[in-house]
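Novice: got a predicted model here, sequence first, then my questions.
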Amino acid sequence: MFPLTLLARLGRATMAALASIGRVMLFSVSTFSHMLRPPFYPREFLIALLQVGWLSLPVVGLTAVFTGGALALQIYSGGARFNAEAVVPQIVAIGMVRELGPVLAGLMIAARVTSSIAAEIATMKVTEQIDALVTLSTHPMKYLVAPRVLAALLTVPALVAVGDIIGIAGGYVVSTQSLGFNPAAYLKNTVNFLELRDIISSLAKGAAFGTIAALMGCYYGMNSGRGAQGVGRATKGSVEAAAVLILAANFALTGVFFSL
Amino acid sequence: MIRLENVHKSFGSNQVLRGLTLEIPKGTSMVIIGGSGTGKSVALKSVLGLIQPDHGKIYVDGKPAEQGDRDAFLARFGMLFQGAALFDSLPVWQNVAFRLLRGSLKRPKDEAREIAIDKLRRVGLKADVADRLPAELSGGMQKRVGLARAIAADPEIIFFDEPTTGLDPIMSGVINDLIREIVVEMGATAMTITHDMTSVRAIADNVAMLHEGVIKWTGPVADMDASGDPYVAQFISGSAEGPIEAVR
């Protein structure tokens, strides 16, 4: 009896997980489909650009500058164990551009933007504003979801690019001010070492992470439960899902770029 | 004009509508009364397509509600939500003119604003409210803005979901009078759901008593007190004794 019960539970959990994945996939397909078909809502898109891109810049920039500085210190002290302190500029550059820049920007966007989108849309659902949109002949997917996802898809790569530069600058400041690196040599090593594919990989990851972050916020918001508890659960669930999916997507994309 | 035929709707194991049949003639005001959780809002949202019935048919002007152009269908309706459901991020006038700023009924911005201010005046609000945000208004003012939004595009059919819930008696009276005036003035077909018997008497031409997902009694408001229906009698008297269980 016991193994059968266990198997049944496992089966139910697997079916539930697959159903969730299916719902998210259908939601994503529907979002992209609405993104391509009129009517379009340029005002909502511009507001989303501001919210997702411009207003996220301080948090992404601060995260990047501290991470770049800490990375420089770690690489210097680690490299010193086998007389490789000189590789700091190259490793900071590649570490920031290929991995830390996009991942940290993605996680910061998940914390800041995903939670805000989920809470806003869930509150709109709870207060019947989404029903009101429908009665006013406005499709919520077109008015609420498509502009936010498109804005994240376009602005997060830009945020990642800025974060990469600021992170490298953080490493540069620490290396030249505390570790005795020559400023001109540091910059030359950084520029010479980075390749176009590193930058492309960084921007592609940014686009993927931004899309994931906005999609999760919208999905959980649109499917929120009732009341304050429903809004809270939607917000928490969206950030958890976005963070895990961003890290999983990072692994998958790194694998893809590694094999190219 | 609106006909619901044997409509069923369940949420999980909870059977909310169990064969609802109701007809609302054109140009009349139907008020659906009934206790909490009896399916009044579900019935109203089913007509608008916000909720899909599991079974049964809904007709508007003899045509199935789910067929035809959805935008054109919704353009015939206005709805006042229980909590007004105003969009927090938009100023009052843009809430009122929402439908007039986009979609098939789009007008130039200045014209839409003028119409919004005119509708705000119609519901007793001054023009200076137009540029305020919904959060800056009292509950009664928000309801009136919701009412202005519902009538902004001069709809043929207007739905009112608990129009006086949460308002003081004076503001409830103001809203009831406004609803009655607007419905008569516009010649619109109205469907209202409420628990408030004062609203029923002020708004209704006809009344329907909904209990356990079916209509127990329907008739002209003038006949309501003498209906002889035990559900209606208990609801009017507000008594705990009767066929409607007090603990649900």
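Specialist: It's in.

Novice: distance of A:T135 relative to B:D71?
Specialist: In this view, A:T135 and B:D71 are 11 Å apart by Cβ to Cβ, to the nearest Å. Placement of C-beta: from N, CA and C, glycine included.

Novice: could you do A:R98 as well?
Specialist: Per Cβ to Cβ, A:R98 is found 48 Å from B:D71.

Novice: ok, now B:S89?
Specialist: From B:S89 across to B:D71, the span is 23 Å (Cβ to Cβ).

Novice: looking at A:T135 and B:D71, which is more packed in?
Specialist: Here A:T135 and B:D71 are compared on neighbour count by other Cβ atoms under 10 Å in any protein chain shown; more neighbours surround A:T135, at 23 against 14.

Novice: got the contact list for the residue nearest to the more buried one when sequence neighbours are not counted?
Specialist: Among residues not flanking A:T135 along the chain, B:M79 sits closest, at 4.6 Å (Cβ to Cβ, 6 or more residues apart in numbering or on different chains). B:M79 makes contact with A:132, A:135, B:48, B:150, B:158-161, according to Cβ atoms under 8 Å, 6 or more residues apart in numbering or on different chains.

Novice: can you rerun that using 6 Å?
Specialist: For B:M79, the contacting residues are A:135, B:150, B:159, by Cβ atoms under 6 Å, 6 or more residues apart in numbering or on different chains.

Novice: what sits closest to the second one if chain neighbours are left out?
Specialist: When you say that, I think you mean B:A150. In space, B:A150 is closest to B:G78, 3.6 Å off (Cβ to Cβ, 6+ apart).

Novice: does A:L159 touch A:A105 like I think?
Specialist: Yes: in this structure, A:L159 is within contact of A:A105 by Cβ atoms under 6 Å, at 5.3 Å.

Novice: joint contacts of those two?
Specialist: Counting by Cβ under 6 Å, 6+ apart, the common neighbours of A:L159 and A:A105 are A:V60.

Novice: so which of the two has more stuff around it?
Specialist: The neighbour comparison of A:L159 against A:A105 (other Cβ under 10 Å) goes to A:A105, with 33 against 28.

Novice: next structured bit after the helix or strand harbouring that one?
Specialist: For A:A105, the element it lies in under DSSP states H and E is helix A:101-109. Along the chain past helix A:101-109, the next helix or strand (assigned with DSSP H and E) turns out to be helix A:115-126.

Novice: hey, what's B:F77 bridged with?
Specialist: B:I157 (DSSP bridges).

Novice: just give me the neighbour total for it.
Specialist: Neighbours of B:F77 (other Cβ under 10 Å): 23.

Novice: the one 10 residues further on too?
Specialist: When neighbours are defined as other Cβ under 10 Å, B:F87 has 19 of them.

Novice: so what does it look like in phi/psi?
Specialist: B:F87 adopts backbone torsions of phi -80, psi 110, taken as degrees, to the nearest 10.

Novice: does the closest residue in space to B:G39 that isn't next to it in sequence sit in a helix or strand, and which one?
Specialist: Excluding the flanking residues, the one nearest B:G39 by Cβ to Cβ, 6+ apart is B:V16, at 4.3 Å. Secondary structure assignment for B:V16, by DSSP H and E: strand B:14-24.

Novice: next, the buried residues of that strand.
Specialist: Judged by neighbour count (16 or more other Cβ atoms under 10 Å in any protein chain shown), strand B:14-24 contains these buried residues: B:16-17, B:20, B:22, B:24.

Novice: can you lay out the residues you listed as a markdown table showing distance to A:L55 and pLDDT?
Specialist: Output for the buried residues of strand B:14-24, formatted as a markdown table (distance: Cβ to Cβ, whole Å; pLDDT from 0 to 100):
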| residue | distance to A:L55 | pLDDT |
| --- | --- | --- |
| B:V16 | 42 | 90 |
| B:L17 | 45 | 92 |
| B:L20 | 48 | 92 |
| B:L22 | 50 | 93 |
| B:I24 | 48 | 93 |
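
Novice: closest one of those to chain A?
Specialist: B:V16 (14.8 Å; Cβ to the nearest Cβ).

Novice: wait, doesn't the closest one sit right on B:V42?
Specialist: Yes: in this structure, B:V16 is within contact of B:V42 by Cβ under 6 Å, at 5.0 Å.

Novice: how about the helices in chain B?
Specialist: Assigned by DSSP state H, chain B shows helices spanning B:40-48, B:70-74, B:92-96, B:109-122, B:139-151, B:169-186, B:197-203, B:230-237.

Novice: which of these sits closest to A:A48?
Specialist: Taking Cβ to Cβ, helix B:92-96 is the member of the helices of chain B nearest to A:A48, at 17.3 Å.

Novice: hey, C-alpha coordinates of the closest one in CSV?
Specialist: This file holds the C-alpha atoms of helix B:92-96, laid out as CSV (Å, rounded to 0.1, in the frame of the first residue of the first chain):
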residue,chain,number,x,y,z
VAL,B,92,-10.0,60.5,-13.3
TRP,B,93,-10.8,61.9,-16.7
GLN,B,94,-8.8,59.2,-18.5
ASN,B,95,-10.6,56.6,-16.5
VAL,B,96,-13.9,58.0,-17.6
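
Novice: the closest residue to chain B within the stretch 151-260 of chain A: what's it in contact with?
Specialist: Using Cβ to the nearest Cβ, A:R226 is the residue of the stretch 151-260 of chain A that sits closest to chain B, at 11.5 Å. The contact partners of A:R226, by Cβ under 6 Å, 6+ apart, come to none.
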